[in-house]
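>>> predicted coordinates and the sequence they were generated for:
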Amino acid sequence: MRSAEALESRLTPKQLKGQEAEDAALAFLLSSGCTFIGRNVRVSRLEIDLIVRDGPVVAVVEVRHRGPGSWVLPLTSVDAKKRLRIRRAGESLWRSVFKKDASLERMRFDIVSVRTTEDGSTEIEHVRAAF
């Protein structure tokens, strides 16, 4: 088994930024009272960034990051094709895993926007039931 440091050293700068954004998004969600279920969950050829539980609801979370020079805001970068792929992955997970859990009522699809500002600070925005 490889160490986390060895795996991180293979990541591109863009992948490292994405991983940092997911870390920030997860910390934000946990501080909001959510419970961690999974990260980078593969469903066939699809991948879900984060899965958390918010009371009786399972939230499939797409994390989007943009830096200070970006022309597009993170929230607007989730296009119809991406939403469809995330929804398909979530629906598949619901049928195969979560539907069996009587304590869960439903699934929702959220977006967490992580934006790095010019001064290096991080702004996080969470949109529940974004699509």
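The structure has been received and is ready for your questions. Keep in mind the model is a prediction, meaning the values are calculated, not measured.
>>> CA only for contacts and neighbour counts going forward, please
OK.
>>> now the longest helix anywhere in the chain, how far from the centre of its chain.
Longest helix in the chain, counting residues (DSSP state H): helix 13-31. Distance, stretch centre to chain centre, for helix 13-31: 8 Å (CA atoms, centre = their mean, to the nearest Å).
>>> which other helices and strands does it contact?
strand 35-43, strand 46-54, strand 57-66, strand 106-116 (3 or more CA pairs under 8 Å, 6 or more residues apart in numbering; DSSP states H and E).
>>> OK, contacts around residue 113?
Shown in contact with residue 113 (CA atoms under 8 Å, 6 or more residues apart in numbering): 25, 63-65, 74-75, 123-126.
>>> again, only this time at 7 Å
Neighbour list for residue 113: 63-65, 74-75, 124-126 [criterion: CA atoms under 7 Å, 6 or more residues apart in numbering].
>>> just flag the most distant two among the residues you listed.
Within these, 65 and 126 form the most distant pair, 12.2 Å apart (CA to CA).
>>> more crowded one of these two?
Between residue 65 and residue 126, counting by other CA atoms under 10 Å, residue 65 is the more crowded of the two (24 against 17).
>>> does the more buried one touch residue 114 like I think?
Yes. Applying CA atoms under 7 Å, one finds residue 65 in contact with residue 114, separated by 4.7 Å.
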